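In: Have a look at this prediction, sequence included:
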Amino acid sequence: MKKIITYIVIFFFLCCKTRNRHIADDWKIPIVYDTLPKSDKYFETRIIRKPINQLIYIGVKNDSILIAKNSLNINSYYSESLKNKDTLDIKEVEIIPDLNQDLSIDLENFAFPPSPILFDEHKTDSIFEIWKKRPRNYVKAYPIFIKNITRDTVHIDNQDGDIFLIQEAKNKEGEWKPIEYWRYSTCGNSYGTTSIGQNDILIIKKTKYRGLFKTQMRLKLKTNNKIIYSKPFDGSINVEQFDTNNIDSWTKKRYENIDFIFFNK
């Protein structure tokens, strides 16, 4: 009788294990439909840069997701107080980049406006109003899916709504090195958390680099003082992007050890 009970317990254990693996393997990447025009231009640079990441969606995963201008209500998922800091385990979220989808990012969205003074006294349009009508600068981008793989809500650290996410690449020696760095805010109110519910995903648009050096790349997420990596993927950059001497002087002056801006400390 004890042997029969043991066999039954083992059978149900194996069934549950197989079922959980089946759920994980069957996760289908959503198709993202963007309202921005497609771009044929890659983001080409020869310096290490601050990342250009754009949060475009937080919500329930569907087979397809339309990204409209006003589709993201970040305030529904944002908290200025850091919550549940001891609960986020390194295995609670997964980072899934999809290089097969072509999206666009408008680099002008990250530009700073000029001082709003008039060109002359006879014009009604200020420099600021004219600046708002400037030509757009679209480049190729791809979606990054941050997937909640738990049965609970998880909270991911952010700065002014931006997830702490940079990109690394393998150099000619096969070592992982940063090609982006994080510029931390000096305002304490900039820091909060973004919540992802049990069935939710978070989607970020990221610029597609292109250069003369073909290599492997990966994404690096920092949250709750832990690091989560995506699986490596193929890409190309310029080798000058590894040069940390090109970090902006304001950032270098703030830190004696620049490893901090690469999420290494």
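Out: Thanks, I have the structure now. Numbering: from 1, shown residues only.

In: Can you report how many residues lie near residue 253?
Out: 8 (other C-beta atoms under 10 Å). Placement of C-beta: from N, CA and C, glycine included.

In: how far out from the middle of the chain is the helix or strand harbouring it?
Out: According to DSSP states H and E, residue 253 maps onto helix 249-254. Centroid separation between helix 249-254 and its chain, computed with C-alpha atoms, centre = their mean, to the nearest Å, is 24 Å.

In: could you pull out the helices for the protein?
Out: 2-25, 127-132, 249-254 (DSSP state H).

In: ok, back up a step: can you list the neighbours in contact with the helix holding residue 253?
Out: Helix 249-254 is contacted from outside by 181, 183-184, 258, 261, using C-beta atoms under 8 Å, 6 or more residues apart in numbering.

In: With neighbour count and distance to residue 157 added, can I get these in JSON lines?
Out: Shown next, in JSON lines, are these (neighbours: other C-beta atoms under 10 Å; distance: C-beta to C-beta, whole Å):
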{"residue": "181", "neighbour count": "22", "distance to residue 157": "17"}
{"residue": "183", "neighbour count": "14", "distance to residue 157": "15"}
{"residue": "184", "neighbour count": "15", "distance to residue 157": "12"}
{"residue": "258", "neighbour count": "16", "distance to residue 157": "20"}
{"residue": "261", "neighbour count": "22", "distance to residue 157": "15"}
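
In: what's the closest of these to residue 67?
Out: Comparing the contacts of helix 249-254 against residue 67 with C-beta to C-beta picks out residue 183 as the nearest, at 25.6 Å.

In: how about the closest one, what does it touch?
Out: Neighbouring residues of residue 183 by C-beta under 8 Å, 6+ apart: 50, 248, 251, 261.

In: got a list of what the last one touches?
Out: Residue 261 makes contact with 181-184, 247, 251, 255 under the criterion C-beta under 8 Å, 6+ apart.

In: Tell me which two of the residues you listed sit farthest apart.
Out: Going by C-beta to C-beta, the pair spanning the contacts of residue 261 furthest: 184 and 247, at 12.7 Å.

In: mind checking how far residue 159 is from residue 252?
Out: 19 Å (C-beta to C-beta, to the nearest Å).

In: check contacts around the nearest residue to residue 137 once chain neighbours are set aside.
Out: Excluding its sequence neighbours, the residue lying closest to residue 137 (C-beta to C-beta, 6 or more residues apart in numbering) is residue 107, at 4.3 Å. Residue 107 is in contact with 43, 52, 137-139, counting by C-beta under 8 Å, 6+ apart.

In: got it, and residue 48?
Out: When contacts are taken as C-beta under 8 Å, 6+ apart, residue 48 is in contact with 178-181, 241-244, 246-247.

In: out of those, which are buried?
Out: Taking 16 or more other C-beta atoms under 10 Å as the criterion, what is buried in the contacts of residue 48 is 178-181, 241-242, 247.

In: now, among those, which is nearest to residue 129?
Out: Taking C-beta to C-beta as the measure, residue 129 lies nearest residue 180 of these, at 33.3 Å.

In: for the closest one, what are its contacts?
Out: Residue 180 touches 48-51, 166-168, counting by C-beta under 8 Å, 6+ apart.

In: what pairs with it across the strands?
Out: residue 49 (DSSP bridges).
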